[in-house]
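Participant: model this:
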Amino acid sequence: MSRVNYEKLKEEVWDTGRCSGCGACCAVCPADAIIFPDGDNSKPVNTGYCKDATDFVNCGACYSVCPRTKEAEKKRELLGDYIEIISAKSVSDTPGKQSGGAVTAILANALKTGIIDAVVTVSQDNWTKEPKSVLITNEEAMFATAGSKYNWWTPALMALSEAVVGRKYKNVAVIGTPCAVTSLRLMKNSSNDLIKPFGKAIRLIFGLFCTEVFDYRKLMEGKIESEMKIDSWKIKRMNVSGKLEIFLTDGSKKNVPLSELEDTVRPGCSICTDLTGVESDISAGAIGSPDGFTTLIIRTQTGAGFVESAKNNGYIDMSGDIDIKAINRLADKKALRGRKTD
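Facilitator: Residues are numbered from 1 along each chain as shown. Take a look at the predicted model:
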């Protein structure tokens, strides 16, 4: 009987191009022996030690939280289960916000009221736009990082280890794309004693709509800077909604068809069938809402509680103006692509 450790994960996921790059395996490794090499987020590597493979001490933590293993695969409904779908926007004028800024506002309220201790999210170097996983612990910092930086291949869950193991936070919210959402739900449901502290500490899973993510260097340095002659520091924000939208600091916008960016997309994205992060507590995206609003798919009572708290405390305004057909169309398109390529 083969043992379940990083070697099985490497054979099944890392070496087959299935890796989503979420960073879950790195975050939960008890030996901190799984890393992404500097400058290369294509797949993780083991640095030479494994509790299971080296010392024959049962572990399997990395394998048990990976969203791309055979055990993690399952058929999902297009939009998944949900309680309600609404449009919402931040009441405050938040610089850099994505669509309506509702995600930032909901989490800022949660930090302010003490519902959560910290948020694991993705920030960026505002000059180069290069992303990194970070831990946010106060309302001001939450607003300062407003705007999605999940367009890039980046191990978004790396900071979860600092939150749970390093700082011992007990109530953590995590924002992630659908692959990361699946990892987080696996943590919540895990019976592995090494994973249980992570599952217990995760209070809220916030999923972001995602069609695919891009290699930073191929897209930013290759396509945008070299071919389009746009300096990274002139970009205010970017959004993917059937095309890549690049919003510039001078108020103009450039649109790039996704067909022109195929060589910059993470290979593992081609097998993903989940647009909205169906295993989250709340899913969020721009699709289906009017300009200036965020679509929120409230899936659990936990998610409903966070939204209600933000509304009651004056952080968000809500609307019922939703085009569910638009969300379903894109969800169906992604699911069909994923089924064809897997």
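Participant: please name the nearest non-neighbouring residue to the residue most central in space within the chain.
Facilitator: Centroid-nearest residue in the chain, with C-alpha atoms, centre = their mean: residue 176, separated by 1.9 Å. Beyond its immediate neighbours in the sequence, the residue positioned closest to residue 176 (C-beta to C-beta, 6 or more residues apart in numbering) is residue 156, lying 5.3 Å away. For glycine as for every other residue, the C-beta is placed from the backbone atoms N, C-alpha and C.
Participant: just the pLDDT for that neighbour.
Facilitator: At residue 156, the predicted lDDT confidence score is 90.
Participant: you'd agree the residue nearest to the centre of the chain is up against residue 184?
Facilitator: Yes - between residue 176 and residue 184 there is a contact under C-beta atoms under 8 Å: 6.5 Å.
Participant: which residues do these two both contact?
Facilitator: Shared between the contact lists of residue 176 and residue 184 (criterion: C-beta atoms under 8 Å, 6 or more residues apart in numbering) are residues 157, 205.
Participant: all helices for the stretch 101-250 of the chain, in order.
Facilitator: Using DSSP state H, counting those that start in this stretch, the helices of the stretch 101-250 of the chain run over 102-113, 139-144, 159-161, 178-189, 196-201, 216.
Participant: what sits against residue 190?
Facilitator: Contacts of residue 190 were listed using C-beta under 8 Å, 6+ apart, and they are 64, 65, 196, 198, 199.
Participant: return the member of the residues you listed nearest to residue 165.
Facilitator: residue 198 (8.5 Å; C-beta to C-beta).
Participant: nearest spatial neighbour of that closest one, skipping sequence neighbours?
Facilitator: Across the structure, with C-beta to C-beta, 6+ apart as the measure, the residue nearest residue 198 apart from its sequence neighbours is residue 187 (4.5 Å).
Participant: same thing with residue 145?
Facilitator: Residue nearest to residue 145 in three dimensions, not counting chain neighbours: residue 123, with 4.8 Å by C-beta to C-beta, 6+ apart.
Participant: so the one you found touches residue 141, yeah?
Facilitator: No - counting by C-beta under 8 Å, residue 123 sits too far from residue 141 to count as a contact (9.1 Å).
Participant: let me know whether residue 307 touches residue 85 as I believe.
Facilitator: No - assessed by C-beta under 8 Å, residue 307 is found out of contact with residue 85, at 11.5 Å.
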